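Novice: Sequence and computational prediction follow.
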Amino acid sequence: MYYQIGTALQPCEAGDCMRETGGFAAVLTPEETAQSPLLAGTDPAFLQKCERIRYCKAEVYPDADVDLLSDELQPVLVLDGDETPLGVFQATTVEEIMDAYGRRLRIEAYDRCWRVQQSRTEGLYHIAANTPYLTAVQQLLTAAGIKLVLAVPSSAVLATDREDWDTGTDYLTICNQLLEEINYNPVWFDGRGICHLEPYKAPTGGRIDHAYSSTDLQLAPITDDHTQEIDLFDAPNVFVRICSNPDRGAPLTATAVNDSPTSSTSTFRRGLRIVDVAKVNNVASQNELQELVNRLRNESMHATKTITFYTLATGGHGVGDIVSIDDPDIGGIWEETEWSLTMAVGELMQHTARRVVIA
């Protein structure tokens with residue numbers, strides 16, 4: 001059994017086509033990897049992705065077979081019969097509601113990043129020198145109960161013994177710090193609850209994940225409603241990172257300068273050096289430190305404009321997806337930074353994105 005959130009025909013574009021939309025919320029028990037009996041409910045589930053931790057809230061009828069302390073929820077979007085999981089969530093807040101419609105539970109939940117974030121060191125945490133970075137990260141994930149991990153291999157190892165983290169430091173902070181030192185993205189989980197460890201890749205127009213258009217009926221439609229925001233005035237254009245560790249000998253320093261004539265925040269265009277200096281506790285190598293500042297420089301060049309726009313609900317959105325928009329006002333290539341949808345008939349999907357490539 002499962003709760004059918006809603007099913008109806010929804011127009012795609014000016015009535016030219018119709019699509020059947022709906023959804024349900026599954027319950028996953030610790031003993032099962034597939035869908036177990038699903039949770040009955042009343043109101044549509046809501047899903048949001050922000051800062052790599054997905055957030056979900058829903059109202060459901062109580063079910064004696066469901067243990068919200070250990071079971072997980074999995075909202076599933078259904079489009080024309082195709083099911084797309086939107087994440088695996090652990091309930092963090094459960095509120096009981098009693099009214100004329102009966103007894104219900106209002107649930108707020110976070111994806112499996114929350115589990116890693118809630119696991120903390122119980123003493124001074126030690127990692128031995130020459131431990132592979134990914135091994136150290138995966139050991140922490142395993143200790144937090146994360147079993148499904150897809151990791152892109154890396155040969156990087158810790159150059160020194162590490163005891164950087166005080167008692168009570170959460171595992172997610174340690175994992176993301178180690179990943180940053182080898183120029184990997186922070187930990188994130190996809191719609192099926194699988195953890196991904198992967199190197200950072202600069203956003204480019206060469207890998208388009210989603211395409212929308214206000215004029216081309218062959219592409220997914222986009223509404224006329226949108227907002228734009230530009231934040232230029234205090235954006236750094238020089239990035240300096242220093243790694244000073246007594247166990248390594250001489251300090252490592254790396255600098256990257258945005259001097260591009262095409263960038264509105266560059267030293268060339270502004271005639272001003274706005275410097276961002278920070279220390280890092282550790283890094284795998286001088287090359288990785290340089291890659292870090294290069295990444296900061298590149299990201300600063302792409303974060304000059306932010307837009308919010310609306311489309312029909314679709315699945316398959318992850319973290320940092322590249323979005324192509326064909327529109328006279330906001331056309332271009334963008335990096336998606338946040339998305340949200342309400343799993344109900346007629347509801348639009350909201351996207352927030354930042355400029356990646358000027359079209």
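Specialist: Perfect, thanks for sending it.

Novice: Run through the helices of the stretch 51-200 of the chain in chain order.
Specialist: Secondary structure of the stretch 51-200 of the chain (DSSP state H, counting those that start in this stretch): helices at 113-118, 133-143, 171-181.

Novice: what's the first one in contact with?
Specialist: For helix 113-118, the surrounding residues in contact (Cβ atoms under 8 Å, 6 or more residues apart in numbering) are 52-54, 90, 92, 140-141, 144-146, 170-173, 175, 187-189. Yep, even glycine has a C-beta here, placed from its N, CA and C like the rest.

Novice: quick one: furthest residue from the center of the chain?
Specialist: For the chain, the C-alpha lying farthest from the average C-alpha position belongs to Ala100; by Cα atoms, centre = their mean, that distance is 38.3 Å.

Novice: where does this structure dip in pLDDT?
Specialist: Per-residue confidence for the chain (pLDDT under 70) gives these ranges: 1-52, 232, 246, 302-304, 356-359.

Novice: What is the longest helix of it by residue count?
Specialist: What stands out as the longest helix in the chain, according to DSSP state H, is helix 286-302.

Novice: After it, which helix or strand is next?
Specialist: Sequence order places strand 305-312 as the next helix or strand after helix 286-302, per DSSP states H and E.

Novice: hey, C-alpha coordinates of the helix or strand just after that following strand in CSV?
Specialist: For strand 305-312, the following helix or strand on the C-terminal side (DSSP H and E) is strand 322-326. Included here for strand 322-326 are C-alpha records, laid out as CSV according to Å, rounded to 0.1, in the frame of the first residue of the first chain:
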residue,chain,number,x,y,z
ILE,A,322,23.9,22.6,-15.2
VAL,A,323,20.7,24.2,-16.7
SER,A,324,20.3,25.7,-20.2
ILE,A,325,17.5,28.3,-20.5
ASP,A,326,16.2,29.6,-23.8
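
Novice: And strand 322-326, what does it pack against?
Specialist: strand 210-213, strand 332-342, strand 348-357 (3 or more Cβ pairs under 8 Å, 6 or more residues apart in numbering; DSSP states H and E).

Novice: got the angle for it vs strand 305-312?
Specialist: Between the direction of strand 322-326 and that of strand 305-312, the angle (axes from the mean of the first three to the mean of the last three Cα atoms, to 10 degrees) works out to 80 degrees.

Novice: buried stuff in stretch 217-233?
Specialist: For stretch 217-233, a neighbour-count test (16 or more other Cβ atoms under 10 Å) marks Leu219, Pro221, Ile222, His226 as buried.

Novice: Touching stretch 122-130 from outside, list them.
Specialist: Stretch 122-130 is contacted by residues 136, 157-167, 169, 174 when judged by Cβ under 8 Å, 6+ apart.

Novice: Can I get these in CSV including distance to Arg207 and neighbour count?
Specialist: As requested, these are arranged in CSV below (distance: Cβ to Cβ, whole Å; neighbours: other Cβ atoms under 10 Å):
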residue, distance to Arg207, neighbour count
Ala136, 29, 19
Val157, 30, 16
Leu158, 31, 20
Ala159, 32, 16
Thr160, 36, 14
Asp161, 39, 12
Arg162, 34, 21
Glu163, 39, 10
Asp164, 34, 15
Trp165, 35, 20
Asp166, 39, 10
Thr167, 42, 10
Thr169, 35, 15
Ile174, 30, 22
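
Novice: before we move on, the earlier item: now do the phi/psi pair for the residue farthest from the centre of the chain.
Specialist: In this entry, Ala100 is assigned phi and psi values of phi -60, psi -20 (degrees, to the nearest 10).

Novice: What's opposite the nearest residue to Arg207 once chain neighbours are set aside in the beta bridge?
Specialist: The spatially closest residue to Arg207, leaving aside those adjacent along the chain, is Ile322, at 5.5 Å (Cβ to Cβ, 6 or more residues apart in numbering). Residues in a beta bridge with Ile322, per DSSP bridges, are Glu335.
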